[in-house]
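Peer 1: Return atomic coordinates for the entry below.
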Amino acid sequence: MKKVLVFGLMLALIAGLSLTVMGYKIGLVTGTVSQNEEEYRGGEYAVAKYGDMIVHVTYPDMFMTEQETTIAQIVQFAYDPEIKAIIVNQAVPGTVAALRRVQEMRPDIYTIAISPQEDPWMVLDTVDIALNTDDLDRGRTIPMVAKEMGAEVFLHYTFPRHMSIEFLARRRDIMRETCEELGILFVELAAPDPTGEGGITATQQFMMEDIPRQIEKYGPNTAVFGTNCAMQEQIITQVIATGALYPEQCCPSPAHAYPAALGLEITPEMNAEIQAGNMAPLVEAIDAKVRELGAGGRLGTWPVALPYEYSKAGVEIAIALIEGKITPDDMDGVREIFEKSAGGTSLGFSRWDPSGNYYFITVGSIIFGLD
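Peer 2: All right, here's what the predicted structure looks like:
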């Protein structure tokens, strides 16, 4: 598929140029390409850059029913004396239990949890650093972007497991309140959980079939938002087909679902820029395609490939921790490393709670096809 090309073309070159013997290893756990390809490709980038220093494994697609497998994948790192840090992207259920076991066995290992899906206080109490998009702020900003696009209705697709995640549920509530303030009708819709019996296929088929029904009911000035990564390509496809609105993805990034949904060809030159954290060439390609399709001003995202950078920058943060260049509570140091990895893009960093190192990240939105 074309989307595989986005992060796959330059890895051999990076490996040849950048292999470094550091004297320690970092364990990196991501989802598979089925759940969120960017997280996985970010892991591939880190392996290509640092070689055997990065041990990259995946948790199962059906992680809700296979938590013991997830836990085992994480805990195995504690048995390797060369492992000095563990990064989990995304920190799916089972991560807290696994990292607590790691800490009991190896208190010298730094732990980084990305996009945690468990109780935030438990996460805060367990890991050295947690990184997440500021979903509470996004509960306000996403409807505002939709309003700027001309939205009269806001569709929110989700499922019970996601609404059991505190920040996602609170984001939904803030979205509803913001939509009411903006005069937008908020409609909550249930979709199949991709970790459920039907898997990802059932979720994607449902989105392909249901979005046209909803747009026929509410009209094209309807914004569509889904809380799961596996939904995004289908949402973009049907938004284009029905003339609806798409403020941004659940995990905002130019590389998240847009290349596949729009059928973009990613050149080696463009891919090299993406690898370096420069999203401008991809943003320009998406913008041109959106204009060509007559959808200017109706689709948006963030200018940073955040899911990809969570793996890529996460490794750089872990290296800085191990080498004593930063401490977990050095928010400015963490931010500077992340910004450098993301091609120098300015990022908003804040602490979720003053008592710990759970960092929220924000970036300004972009809307494609605006003059």
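
Peer 1: from the middle of its chain, how far away would stretch 180-192 be?
Peer 2: How far stretch 180-192 lies from its chain's middle: 22 Å, per C-alpha atoms, centre = their mean, to the nearest Å.

Peer 1: Stretch 253-260 too?
Peer 2: Put simply, stretch 253-260 sits 11 Å off its chain's centre (C-alpha atoms, centre = their mean).

Peer 1: Then stretch 359-367?
Peer 2: Distance of stretch 359-367 from its chain centroid, counting by C-alpha atoms, centre = their mean, is 12 Å.

Peer 1: What residues of it count as buried?
Peer 2: With burial defined by 16 or more other C-beta atoms under 10 Å, the residues of stretch 359-367 counted as buried are 359-363, 365-367. (Each C-beta comes from the backbone N, C-alpha and C, glycine too.)

Peer 1: With stretch 163-179 instead?
Peer 2: Of the residues in stretch 163-179, 165-168, 171-172, 174-176, 178-179 count as buried by neighbour count, 16+ other C-beta under 10 Å.

Peer 1: Could you pull up the mean pLDDT of that stretch?
Peer 2: Computed over stretch 163-179, the mean pLDDT rounds to 97.

Peer 1: contacting residues around it?
Peer 2: Stretch 163-179 has contacts (C-beta atoms under 8 Å, 6 or more residues apart in numbering) with 117, 119-120, 132, 135-136, 138-140, 142-144, 154, 156, 158, 162, 185-186, 188, 225, 227.

Peer 1: Helices - which of those land there?
Peer 2: Among the contacts of stretch 163-179, the residues falling in helices (DSSP state H) are 120, 135-136, 138-140, 142-144, 162.

Peer 1: Take those residues and write them to CSV, including distance to Glu66 and neighbour count.
Peer 2: Converted to CSV, the ones in helices among the contacts of stretch 163-179 look like this (distance: C-beta to C-beta, whole Å; neighbours: other C-beta atoms under 10 Å):
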residue, distance to Glu66, neighbour count
Pro120, 23, 18
Asp135, 26, 23
Leu136, 30, 16
Arg138, 29, 25
Gly139, 31, 21
Arg140, 35, 16
Ile142, 31, 25
Pro143, 35, 27
Met144, 38, 18
His162, 18, 19
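
Peer 1: Pick out the most distant pair among these.
Peer 2: For the ones in helices among the contacts of stretch 163-179, the farthest-apart pair by C-beta to C-beta is Pro120 and Met144; their separation is 24.4 Å.

Peer 1: got the contact list for the residue nearest in space to the middle of the chain?
Peer 2: Most central in the chain under C-alpha atoms, centre = their mean is Pro307, positioned 3.3 Å from the mean C-alpha point. Applying C-beta under 8 Å, 6+ apart to Pro307 gives the contacts 36, 38-39, 42, 89, 229, 251, 253, 256.

Peer 1: 7 Å instead?
Peer 2: Applying C-beta atoms under 7 Å, 6 or more residues apart in numbering to Pro307 gives the contacts 36, 38-39, 251, 253, 256.

Peer 1: would Thr345 count as being in a strand?
Peer 2: No: applying DSSP: H, G, I helix; E, B strand; the rest coil, one finds Thr345 to be coil, outside a strand.

Peer 1: ok, it to Asn278 distance?
Peer 2: Distance from Thr345 to Asn278, counting by C-beta to C-beta, to the nearest Å: 9 Å.

Peer 1: who's more crowded, those two?
Peer 2: Thr345 (20 against 17; other C-beta atoms under 10 Å).

Peer 1: Which of the helices or strands spans the nearest residue to the more buried one once chain neighbours are set aside?
Peer 2: Counting by C-beta to C-beta, 6 or more residues apart in numbering, Thr345 lies nearest to Val304, which is 5.1 Å off, once chain neighbours are set aside. Val304 belongs to no helix or strand when assigned by DSSP states H and E.

Peer 1: ok now do Val304, which residues does it touch?
Peer 2: Counted by C-beta under 7 Å, 6+ apart, Val304 has contacts 253, 279, 342, 345, 363.

Peer 1: Just give me the longest helix of the chain.
Peer 2: As assigned by DSSP H, the longest helix anywhere in the chain is helix 199-218.

Peer 1: that older thread, does the nearest residue to the residue nearest to the centre of the chain once chain neighbours are set aside belong to a helix, a strand or coil?
Peer 2: In space, and not counting its chain neighbours, Pro307 is closest to Glu38: 3.9 Å by C-beta to C-beta, 6+ apart. Here Glu38 is recorded as helix under three-state DSSP.

Peer 1: Check what pLDDT Glu38 gets.
Peer 2: Reading off the model, Glu38 has pLDDT 87.

Peer 1: next one: Gly8
Peer 2: 51.

Peer 1: now Thr20
Peer 2: pLDDT for Thr20: 45.

Peer 1: Could you do the one 10 residues further on as well?
Peer 2: In this model, Thr30 is scored at 96, pLDDT.

Peer 1: swap in Lys325?
Peer 2: You'll see Lys325 listed with a pLDDT of 98.

Peer 1: give the contact list for Leu293.
Peer 2: Leu293 neighbours (C-beta under 7 Å, 6+ apart): Ile240.
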